[in-house]
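Visitor: Pasted the sequence and its predicted model underneath.
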Amino acid sequence: IGNSGQYAAGAYAFGAYSPDGENLQVNTNILFDSCTFADNTCKEQKGGALWIKSNKLVEITNCNFTNNKALGAQSEGGAIYFENEATATVIINNTLFRKNSAIDANVFYLAKKLNSVLITNCTITTNGNTGSSIKTICPQLLIEKSSIGYDRYDLKGRGIHITAPCNFTIHSTNFSNCYANESLSEGGGILYDPVETDLEEHLIIEGCTFTNCRGSDGCACYIKAKSENITFHGNTIEESRSGKPTFTLDLPSTIKEFEISNCIFQNNLCNSVDNDGGGSGLVLTFGGSEDSTARFTSCKFISNKASSSGGAFAYGITKDTKKIQIEFKHCYFSQNSAKGTEGGALYIATDVHSLIDSCIFMSNKANGSGAKGGAVTINSTSDVELSNITFESNTAIDGHAIHVFDSCNSVTINGSTIRNNGISASAILIDKSS
């Protein structure tokens with residue numbers, strides 16, 4: 001408690017060199033169990049509490065890291081810094097990290113040669129006011145059953161920044177009040193933007209909740225990957241109301257399919273004028289040919305708001321998504337609204353086939369003078385198929401359930417129920433030349 005180090009580690013440096021250059025301790029396992037690291041300071045950049053260079057097992061369990069600081073203009077590892085030559089297997093379990101700080105990597109800096117890192121059952125809260133809580137260039141990362149973020153709305157810092165290609169799984173972890181600000185403005189919860197290497201990526205984000213995350217783009221997640229091995233399943237993005245996109249996926253044109261499954265998008269607000277995403281703020285860019293497909297399966301869109309079209313989701317507005325097929329299967333849309341007069345829940349403007357199958361649209365609303373498409377607006381130039389859909393209690397000025405632009409080649413509606421939509425005008429509005 002209250003220690004100060006000059007060059008590395010305010011409390012303890014493991015694996016340092018002796019004055020004659022001999023490497024100490026690097027081939028020794030190390031365990032910290034039920035330890036407290038508080039108010040320690042490193043004056044020269046690296047490791048407010050711990051600086052570690054080990055080639056064996058490093059385990060930190062049942063510990064408390066509070067108010068440790070790495071000082072300096074380029075400091076990293078407010079709590080723990082793993083030196084770049086370390087090849088250890090790292091396990092961090094049931095540990096609290098609070099009010100640690102550096103210029104970046106306010107909690108951990110995870111080095112590129114680490115064998116693997118497991119962070120489980122940890123609370124990582126209110127660390128620093130710039131940069132990211134975790135900065136990693138390690139090739140194997142698993143974070144599970146943890147919480148990352150801030151307990152104050154006015155503090156600013158990203159959750160995780162992954163700057164090198166990685167096989168990562170982030171599972172059952174909550175991100176709250178993360179804010180990517182200043183020059184680090186993308187990906188409030190998670191930013192994945194590695195430089196190109198030959199490592200094959202496998203990315204899994206599953207069972208996570210992102211609450212009130214902010215940034216200039218991808219408030220919850222910004223993923224710029226080269227691989228098709230990406231899973232986004234069972235996650236919740238909620239209360240993202242800064243008006244920016246909440247989830248941004250940027251994949252190369254060689255990727256032909258991406259699926260979002262069993263996710264909830266709730267109480268988000270996106271100002272998506274002349275852009276894709278709609279009220280949920282989902283921007284999916286990949287493929288670009290007619291055999292590319294973006295698919296939503298068993299997802300819920302609840303109480304999202306768009307300043308433009310598509311209260312829940314809008315797609316095909318930009319040239320990058322015109323040729324991507326969009327599919328919704330077993331999805332639920334409720335109480336979404338669009339202020340831009342079109343598509344209370346969905347606005348589809350692609351030039352290729354679209355499918356909406358076995359979905360429910362309930363109490364969605366297109367607002368404004370001349371509003372159309374209380375649930376769905378179709379502004380596609382191709383064929384759109386709606387099968388086994390329930391439209392109930394959706395409202396607009398006209399086309400309370402569906403509005404079809406005259407540009408659409410064909411719309412097929414099969415086995416669907418359309419009831420109690422609006423009190424005047426029509427449930428389905430088809431422009432004259434359709």
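Guide: Happy to help now that I have it.

Visitor: Point out where the stretch 301-434 of the chain drops to low pLDDT.
Guide: Within the stretch 301-434 of the chain, the set of residues satisfying pLDDT under 70 comprises 432-434.

Visitor: hmm, 50 instead?
Guide: Applying pLDDT under 50 to the stretch 301-434 of the chain picks out residues 433-434.

Visitor: From residue 231, how far off is residue 199?
Guide: Separation of residue 199 from residue 231 (C-beta to C-beta, to the nearest Å): 18 Å. The way it works is simple: take the backbone N, C-alpha and C, and place the C-beta from them, glycine included.

Visitor: Residue 314 now?
Guide: To residue 231, residue 314 is 24 Å away according to C-beta to C-beta.

Visitor: neighbour count winner among these two?
Guide: Taking other C-beta atoms under 10 Å, residue 314 and residue 231 do not tie; residue 314 has more neighbours (34 against 14).

Visitor: Contacts for the strand or helix carrying the more buried one next, please.
Guide: Take DSSP states H and E as the rule and residue 314 turns out to sit in strand 313-315. Contact with strand 313-315 is made by 272, 276-280, 282, 284, 294, 296, 301, 306, 308, 321, 324, 326, 343, 345-350, as judged by C-beta atoms under 8 Å, 6 or more residues apart in numbering.

Visitor: buried ones in stretch 285-298?
Guide: Residues 285-288, 292-298 are the ones in stretch 285-298 that count as buried (16 or more other C-beta atoms under 10 Å).

Visitor: which two from those residues end up farthest apart in space?
Guide: Using C-beta to C-beta, the pair of those lying farthest apart is 288 and 298, separated by 26.3 Å.

Visitor: And the next helix or strand past the strand holding residue 314?
Guide: strand 324-329.

Visitor: Work out the sheet partners of that next one and label each with its direction, please.
Guide: Using DSSP bridges, the strands paired with strand 324-329 are strand 292-297 (parallel), strand 354-357 (parallel).

Visitor: Convert the C-alpha atoms of the last one to PDB, please.
Guide: Written as PDB, here are the backbone C-alpha positions of strand 354-357 (Å, rounded to 0.1, in the frame of the first residue of the first chain):
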ATOM      1  CA  SER A 354     -35.500  -9.400 -48.700                       C
ATOM      2  CA  LEU A 355     -37.300 -11.800 -46.400                       C
ATOM      3  CA  ILE A 356     -39.300 -11.200 -43.300                       C
ATOM      4  CA  ASP A 357     -40.500 -14.500 -41.800                       C
END
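
Visitor: For the stretch 151-300 of the chain, give me the ranges with low pLDDT.
Guide: Applying pLDDT under 50 to the stretch 151-300 of the chain picks out no residues at all.

Visitor: Now residue 161: closest residue in space, sequence neighbours ignored.
Guide: residue 132 (4.0 Å; C-beta to C-beta, 6 or more residues apart in numbering).

Visitor: tally of neighbours for the one you found?
Guide: Residue 132 - counted by other C-beta under 10 Å - has 30 other residues nearby.

Visitor: Same check on residue 46?
Guide: Residue 46 has 25 neighbouring residues, counting by other C-beta under 10 Å.

Visitor: measure it to residue 364 for me?
Guide: 52 Å.

Visitor: before we move on, what about residue 190?
Guide: Relative to residue 364, residue 190 is positioned 29 Å away (C-beta to C-beta).

Visitor: follow-up on the earlier one: what about the strand holding residue 314, distance to the chain center?
Guide: In terms of C-alpha atoms, centre = their mean, to the nearest Å, the centre of strand 313-315 is found 17 Å from the chain centre.

Visitor: Would you list the strands that that strand pairs with, along with their directions?
Guide: When pairing is defined by DSSP bridges, strand 313-315 lines up against strand 346-348 (parallel).
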